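Visitor: I'll drop the sequence and a predicted model, then ask my questions.
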Amino acid sequence: MRRTYLGEFEEMILLMVAILNGEGYGVTISEALAEHTGRIVTFGTVHNTLIRLEEKGFVTSELGGATAERGGRRKRIFRITALGNQALQEIQQLRKNLWLLLPPDMLQPGNV
């Protein structure tokens, strides 16, 4: 099976979708990203990334109920797929393996 690679930002958005566990839509994902990483991004950037992740099969989406606070518009709720979960696990393992390859003295203060 050919592996689909994720960029750093795609990985962070996919992680936020997983963390929000079925409660993630563009605004909540943007807010969670800012809260946990300090990275401020526009809604459009997050939305485009979510659409790209959906095209790759890493997330699915469905329309939620309409709310008065959104002027009757419905939210597009995103959920991670099994493929998305597998991709995150592979990325985590790959990063762990690479960190283990660092010489021990590289992580000492003054060496970085």
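Guide: Nice, I can see it.
Visitor: use CA for all of it now, contacts and neighbours both
Guide: Fine.
Visitor: not counting its own residues, what contacts stretch 53-70?
Guide: Outside stretch 53-70, the residues within contact range by CA atoms under 8 Å, 6 or more residues apart in numbering are 4, 10, 14, 50, 72-85, 87.
Visitor: mind listing what's buried along the helix or strand where E11 lies?
Guide: Here E11 is covered by helix 8-20, with elements defined by DSSP states H and E. Neighbour counts over helix 8-20 (16 or more other CA atoms under 10 Å) mark E10, E11, M12, I13, L14, L15, M16, V17, A18, L20 as buried.
Visitor: next: stretch 36-53.
Guide: V46, H47, T49, L50, I51, L53.
Visitor: send me that stretch as PDB with only the CA atoms.
Guide: Extracted C-alpha coordinates of stretch 36-53, given in PDB (Å, rounded to 0.1, in the frame of the first residue of the first chain):
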ATOM      1  CA  HIS A  36      -2.700  24.300  22.400                       C
ATOM      2  CA  THR A  37       0.000  25.400  20.000                       C
ATOM      3  CA  GLY A  38      -0.100  29.200  20.000                       C
ATOM      4  CA  ARG A  39      -0.500  29.100  16.300                       C
ATOM      5  CA  ILE A  40      -3.100  31.500  15.000                       C
ATOM      6  CA  VAL A  41      -4.500  30.600  11.600                       C
ATOM      7  CA  THR A  42      -7.500  31.800   9.600                       C
ATOM      8  CA  PHE A  43     -10.700  29.800   9.300                       C
ATOM      9  CA  GLY A  44     -10.100  29.500   5.500                       C
ATOM     10  CA  THR A  45      -6.700  27.800   6.000                       C
ATOM     11  CA  VAL A  46      -8.200  25.300   8.500                       C
ATOM     12  CA  HIS A  47     -11.200  24.600   6.200                       C
ATOM     13  CA  ASN A  48      -9.000  24.100   3.100                       C
ATOM     14  CA  THR A  49      -6.800  21.700   5.100                       C
ATOM     15  CA  LEU A  50      -9.900  19.800   6.400                       C
ATOM     16  CA  ILE A  51     -11.200  19.400   2.800                       C
ATOM     17  CA  ARG A  52      -7.800  18.100   1.700                       C
ATOM     18  CA  LEU A  53      -7.700  15.600   4.500                       C
END
